[in-house]
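Undergrad: When you get a sec, could you give me coordinates for this:
(2 chains)
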Amino acid sequence: AQSVTQPDIHITVSEGASLELRCNYSYGATPYLFWYVQSPGQGLQLLLKYFSGDTLVQGIKGFEAEFKRSQSSFNLRKPSVHWSDAAEYFCAVGARTNAGKSTFGDGTTLTVKP
Amino acid sequence: GAVVSQHPSRVICKSGTSVKIECRSLDFQATTMFWYRQFPKKSLMLMATSNEGSKATYEQGVEKDKFLINHASLTLSTLTVTSAHPEDSSFYICSAFALVSGSEQYFGPGTRLTVT
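TA: Model prediction:
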């Protein structure tokens, strides 16, 4: 069965500082990987996704993530955080054989200090 | 990008009544729609997978008779919470999936259900 672990429940960074949110997955083959952002009381917005090819993927809002097969990781990064980035971030893994169905991590809450 | 709407965005109902939540894909046809439940400060829990014209597939532990799902067309799925109780209060989110999207789900904005 597929699973996702986000080790950091809550992260606080200063505005302008760099950010890395960790995500580890468990899946028997090469998965589809996603990062989503959720603001309070809102739905999920896709930041970026990895299906195949280049393991460094660029997303919206200046985010990027790197797929590392050897570490079963898909960490999200941003070089300079803005106050508007404060939100909940979810990593998800989707099965290639069950298109569309994804398993989500528990999320990481990002707080941005002025 | 593809847009998914949910209606209503918020609903308050009395214990024992039923509530229907609609999920619509506005600019594409969704072969599959998913229904999730999210508790405060928690991740999304998949409740069921809904395919147009067929019965929904429920995840383990989700009561089929309580959470009725109907996927009548390629753009509309509904979730009906029957005989609602306060413990059913939650944030319900749907997502729509189309083969042309390359295994990407598009999420609705969510529905906040409060049962009093």
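
Undergrad: and A:Thr111, that one's in a strand?
TA: Yes. A:Thr111 sits within a strand when classified using DSSP: H, G, I helix; E, B strand; the rest coil.

Undergrad: contacting residues for the nearest residue to it once chain neighbours are set aside?
TA: If you skip the residues right next to it in sequence, A:Thr111 has A:Thr12 as its closest partner in space, 4.4 Å away by CB to CB, 6 or more residues apart in numbering or on different chains. Placement of C-beta: from N, CA and C, glycine included. Taking CB atoms under 8 Å, 6 or more residues apart in numbering or on different chains as the definition of contact, the neighbours of A:Thr12 are A:110-113.

Undergrad: what number of residues lie near A:Lys113?
TA: Using other CB atoms under 10 Å in any protein chain shown, A:Lys113 has 12 neighbouring residues.

Undergrad: if I look at it, how far off is A:Ser84?
TA: Per CB to CB, to the nearest Å, A:Lys113 is found 14 Å from A:Ser84.

Undergrad: what's the nearest residue to B:Pro86 if we skip its chain neighbours?
TA: Taking CB to CB, 6+ apart as the measure, B:Pro86 lies nearest to B:Val115, with 4.9 Å between them; neighbours along the chain are not counted.

Undergrad: Can you list phi and psi of that neighbour for me?
TA: Taking degrees, to the nearest 10, you get phi -110, psi 120 for the backbone angles of B:Val115.

Undergrad: I'd say it and B:Val11 touch.
TA: No. Between B:Val115 and B:Val11 there is no contact, the gap being 9.2 Å when judged by CB atoms under 8 Å.
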